[in-house]
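> starting from these lines, generate the structure:
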Amino acid sequence: MAATTQLRRYELVPGEREAFLRWWQERIVPLRKAHGFDVVFAYLVPDTDEFVWAVSHGGDAAEFEHAEGEYTRSPGRAAAFAGIPQRVKSIKVHLVQPVGA
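Presented below is the predicted three-dimensional model:
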């Protein structure tokens, strides 16, 4: 089955890098996996505190969007964000397609 991939780029709030990364690894990655997503990669650009990661889900774009909606509305996601201070300054999210190299 083909998968759809979403590229996520975050500009982190100054001083929040370590707390964000710990929270992301402990809360968001397991939650995404529980909703059928795979984390394709995750990178930090230390000089700019930019966090770039990709998440994929089996199926086409419509199936991805459906799974994304289920994840977004889930009680687990609400709990993961409850009481968490603002750690992301800006977010850019796009569905992406592979390109042969």
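
> what about the strands in this protein?
3-12, 38-45, 50-58, 88-96 (DSSP state E).

> out of those, the one nearest His66 is which?
strand 50-58 (9.0 Å; Cβ to Cβ). For glycine as for every other residue, the C-beta is placed from the backbone atoms N, C-alpha and C.

> show me the contact partners of that closest one.
1-12, 20-21, 24, 32, 36-45, 63-64, 67-68, 96 (Cβ atoms under 8 Å, 6 or more residues apart in numbering).

> out of these, which are buried?
3-6, 10, 12, 20, 24, 32, 37, 44, 63-64, 67-68 (16 or more other Cβ atoms under 10 Å).

> where in this protein is pLDDT low?
1 (pLDDT under 70).

> which helix in it runs the most residues?
Using DSSP state H, we find that the single longest helix of the chain is helix 61-73.

> CA atoms only: put that one into PDB for me.
What follows is helix 61-73, C-alpha atoms only, in PDB (Å, rounded to 0.1, in the frame of the first residue of the first chain):
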ATOM      1  CA  ALA A  61      -4.000  12.100   0.700                       C
ATOM      2  CA  ALA A  62      -7.700  11.700   1.600                       C
ATOM      3  CA  GLU A  63      -6.900   8.800   3.900                       C
ATOM      4  CA  PHE A  64      -4.000  10.700   5.400                       C
ATOM      5  CA  GLU A  65      -6.300  13.700   6.100                       C
ATOM      6  CA  HIS A  66      -8.900  11.400   7.700                       C
ATOM      7  CA  ALA A  67      -6.300   9.900  10.000                       C
ATOM      8  CA  GLU A  68      -4.900  13.400  10.800                       C
ATOM      9  CA  GLY A  69      -8.400  14.500  11.800                       C
ATOM     10  CA  GLU A  70      -8.900  11.500  14.000                       C
ATOM     11  CA  TYR A  71      -5.500  12.200  15.700                       C
ATOM     12  CA  THR A  72      -6.200  15.900  16.100                       C
ATOM     13  CA  ARG A  73      -9.600  15.300  17.700                       C
END
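
> for that helix, name the packing helices and strands.
strand 3-12, strand 50-58 (3 or more Cβ pairs under 8 Å, 6 or more residues apart in numbering; DSSP states H and E).

> tell me what angle the last one forms with helix 61-73.
When you say that, I think you mean strand 50-58. With axes from the mean of the first three to the mean of the last three Cα atoms, to 10 degrees defining the directions, strand 50-58 sits at 120 degrees from helix 61-73.
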